[in-house]
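Visitor: structure for the following, please:
(2 chains)
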Amino acid sequence: MNNPELESILKRARLPEIPGESLDMFPRRVVARIKRNDPLARPQRSFSPHLAWALGLAACVAIAFAIGHWRGRMETGTTPATDSLASATFIRETLAMFPNRVRAIMQDERGINLVLSDNDDVPASTPIYARIYDGKHALSFVTFSGQEIQVAGQTVTVLANPRGGIILTGNQFLWSNTGRDYVDNHWKIEARSLNSIAL
Amino acid sequence: MAGSDDESKLIDQSLSGDPEAYAALVNQHQKMIRAMTFRMTGSPDDAEELAQDTFLRAYRQLGSFGGGSKFSTWLCKIAINLSLDWRRRESRRDDIHSKWAADVVSGNSSDDGFPDELSRRVQDALNKLPAKQRAAIVLTIYENQSHAEAAKTLDCTEATISWRVFAARQKLKRLLKDLPHEQP
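Guide: Residues are numbered from 1 along each chain as shown, chains lettered A, B, ... in the order given. Predicted coordinates:
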């Protein structure tokens, strides 16, 4: 049996007929359940148009301010000029805003993405900066030893020791900042401890 | 994309708290949703309950329906995900209960309302698939969704859908190999 033949069999299969009475009653049953669960229930509109415009405008102003702020700081950084994670202040303030909840601050071409834990269970330790370039796209992130980061569909585990040694392991590679790539997947990786903003 | 003008009007009226408008929306889409929940559960009672749950949840979340997709597609996403949750709950049943339920189902098989043997055999085969593979078949075969659309519905990658469809087809071919098939 080939795929079209199987599909033909599946499509020929019909369902038991629903009695007309059941079809008539069904909408009423749904509405009765809505009223029974909460007689005052109303489906909520997500935003009023005025509120949405106001929030949108405020978000644009905040983003423009943040980009200007970070660009100013990046000029003195050692990482590429497009890398907002070069700002120690930005990282420090972000970590302070969500104590023990920041698993990673990630940045790619689309912008910055904050990865938070549901609970405040991320151990305080020296943040680690890493940048991965796969030949087409660059991803920078600040994270902590023991965290797992999703990179191009791979789970990358970041580990560090107190002497500044950093290891990144993925499904198909193991990289360390000692200069030894045990299994190379052709990614260009750099990583370092951010001792200046150690927690 | 949101559907017909009438449908948009009914959605607006429902958002204003008009239950009759929502009943009309339910009436328009109930066959599609009940067919989907039946394919996922294999049981008319569970299918009806899940279909009701689908419309209840849709009502509560109606404000978040932005019209970026068809209303039917949005409902379909709620229904399939509720069905998968239902399967997870079902799978936690203890063995004795499951066996008892299976005996009851098989005992009633001669009076289960299917119009013909082929239809019953197909549903039996669907019931034997893992829930996520069944969902992939229901969406791609019965709802005519592309793999990309099914991936959005199930919040997974297109490759995952392709794999689930492939695995499901292999099992279904084995289970249904003795059925007469026509050249499509």
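Visitor: burial of B:Asn127, as a residue count?
Guide: When neighbours are counted by other Cβ atoms under 10 Å in any protein chain shown, B:Asn127 registers 15. To be clear about C-beta, it is placed using only N, CA and C from the backbone, and glycine gets the same treatment.
Visitor: am I right that it is in contact with B:Arg39?
Guide: No: the criterion here is Cβ atoms under 8 Å, and B:Asn127 misses it with B:Arg39 at 9.4 Å.
Visitor: next, show the common contact partners of these two.
Guide: The contact sets of B:Asn127 and B:Arg39 overlap at B:Arg134 (Cβ atoms under 8 Å, 6 or more residues apart in numbering or on different chains).
Visitor: near chain B at all, the helix or strand harbouring A:Phe26?
Guide: Per DSSP states H and E: A:Phe26 is located in helix A:20-37. Yes: against chain B, helix A:20-37 shows contacts by Cβ under 8 Å from any Cβ of the partner chain at A:22-23, A:26-31, A:33-35, A:37.
Visitor: contact partners for the closest residue to chain B within chain A?
Guide: Going by Cβ to the nearest Cβ, chain B is nearest to A:Pro16 of chain A, at 3.0 Å. Counting by Cβ under 8 Å, 6+ apart, A:Pro16 touches B:38, B:44, B:112-115.
Visitor: that one sits in which helix or strand?
Guide: Per DSSP H and E: A:Pro16 is located in neither a helix nor a strand.
Visitor: and the pLDDT at residue 117?
Guide: This is for chain A. Each residue has a pLDDT score; the one for A:Ser117 is 82.
Visitor: oops, chain B please
Guide: 89.
Visitor: what's the answer for the one 4 residues further on, then?
Guide: For B:Arg121, the pLDDT comes out at 93.
Visitor: could you do B:Glu7 as well?
Guide: 86.
Visitor: next: the one 4 residues further on.
Guide: Turning to B:Ile11, the model gives it a pLDDT of 90.
Visitor: repeat that for B:Asn81.
Guide: We have a pLDDT of 92 for B:Asn81.
Visitor: which element is it on?
Guide: Assigned by DSSP H and E, B:Asn81 falls within helix B:71-91.
Visitor: and A:Val156, helix, strand or coil?
Guide: strand (DSSP: H, G, I helix; E, B strand; the rest coil).
Visitor: low-scoring pLDDT stretches of chain A, where are they?
Guide: A:37-83, A:179-185, A:198-199 (pLDDT under 70).
Visitor: can you list the residues of it near chain B?
Guide: So chain A meets chain B at A:1, A:3-18, A:22-23, A:26-31, A:33-35, A:37, A:41-46 (Cβ under 8 Å from any Cβ).
Visitor: buried subset of the residues you listed?
Guide: A:1, A:5-7, A:9-10, A:13, A:15, A:18, A:26-27, A:29-31, A:34, A:43 (16 or more other Cβ atoms under 10 Å in any protein chain shown).
Visitor: now tabulate the contacts of A:Pro16 in JSON lines and tack on secondary structure and neighbour count.
Guide: Shown next, in JSON lines, are these (DSSP: H, G, I helix; E, B strand; the rest coil; neighbours: other Cβ atoms under 10 Å in any protein chain shown):
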{"residue": "B:Phe38", "secondary structure": "helix", "neighbour count": "23"}
{"residue": "B:Pro44", "secondary structure": "helix", "neighbour count": "17"}
{"residue": "B:Asp112", "secondary structure": "coil", "neighbour count": "16"}
{"residue": "B:Gly113", "secondary structure": "coil", "neighbour count": "13"}
{"residue": "B:Phe114", "secondary structure": "coil", "neighbour count": "20"}
{"residue": "B:Pro115", "secondary structure": "coil", "neighbour count": "12"}
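Visitor: could I get the residues you listed as TSV with distance to chain A?
Guide: Formatted as TSV, the contacts of A:Pro16 follow (distance: Cβ to the nearest Cβ, whole Å):
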residue	distance to chain A
B:Phe38	6
B:Pro44	6
B:Asp112	7
B:Gly113	3
B:Phe114	6
B:Pro115	5
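Visitor: all strands of chain A, in order?
Guide: A:102-108, A:111-116, A:128-133, A:138-143, A:148-151, A:154-160, A:166-169, A:174-176, A:181-183, A:188-193 (DSSP state E).
Visitor: what sits up against stretch B:29-36?
Guide: For stretch B:29-36, contacts defined as Cβ under 8 Å, 6+ apart pick out A:15, A:18, A:23, A:26-27, B:47-48, B:51, B:54-55, B:71-72, B:75-76, B:79-80, B:83, B:138, B:142-143.
Visitor: per the record, what domains does chain B have?
Guide: B:1-92, B:111-184 (automatic domain parsing).
Visitor: nearest to A:Gln172 among the ones you listed would be which one?
Guide: domain B:111-184 (16.8 Å; Cβ to Cβ).
Visitor: just the buried ones from the contacts of stretch B:29-36, in PyMOL syntax?
Guide: To isolate the buried ones among the contacts of stretch B:29-36 in PyMOL, judged by 16+ other Cβ under 10 Å, type:
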select buried, (chain A and resi 15+18+26+27) or (chain B and resi 47+48+51+54+55+71+75+76+79+80+83+138+142+143)
